[in-house]
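Undergrad: I need the structure of the sequence given here:
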Amino acid sequence: MKPRPEGKRRGRAFTLIVLLLLIFAAVGFRSVQLQIIQGQKLNQFARKQHQKSLPLLPKRGTIYSRNLKELSVTLEVDSLYAMPEKMKTARLRREASVS
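TA: Coordinates of the predicted model:
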């Protein structure tokens, strides 16, 4: 293998150092921007976001037997019910059957 010329090594090292310095400067600028320039606004936004409460309905998971058969499964269903004493036709039928 031929040894590399010194000029190429120095050029690559210089390029790498410049690139690392640019990345470091960009990260530093962004941290100053977030913490000092926008710090108060972002702090208020974070407080609003963390102090928000939402009611969550617990969901029961599937219960399995020791043989991994489903014993209980959560199903979401619509419910419908009637209160006969509050229905006109039921009262009329009841009154008609009594007399």
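
Undergrad: From now on I want contacts and neighbour counts done on CA atoms only, so please keep to that.
TA: OK.

Undergrad: since we're on residue 73, how many residues are nearby?
TA: 11 (other CA atoms under 10 Å).

Undergrad: Could I get the contacting residues of it?
TA: Residue 73 makes contacts with 61, 62, 63, as judged by CA atoms under 8 Å, 6 or more residues apart in numbering.

Undergrad: Am I right that residue 8 is in a helix?
TA: Yes. Secondary structure of residue 8 (DSSP: H, G, I helix; E, B strand; the rest coil): part of a helix.

Undergrad: distance of it from residue 21?
TA: Counting by CA to CA, to the nearest Å, the gap from residue 8 to residue 21 is 20 Å.

Undergrad: Likewise for residue 55?
TA: In terms of CA to CA, residue 55 sits 49 Å off from residue 21.

Undergrad: ditto for residue 28
TA: 10 Å.

Undergrad: center of the protein - which residue?
TA: Geometric centre of the chain, nearest residue: residue 49, 12.3 Å, by CA atoms, centre = their mean.

Undergrad: Helices along this protein, start to end?
TA: 6-32, 39-50, 88-98 (DSSP state H).

Undergrad: Since that was my last question, I'll sign off now.
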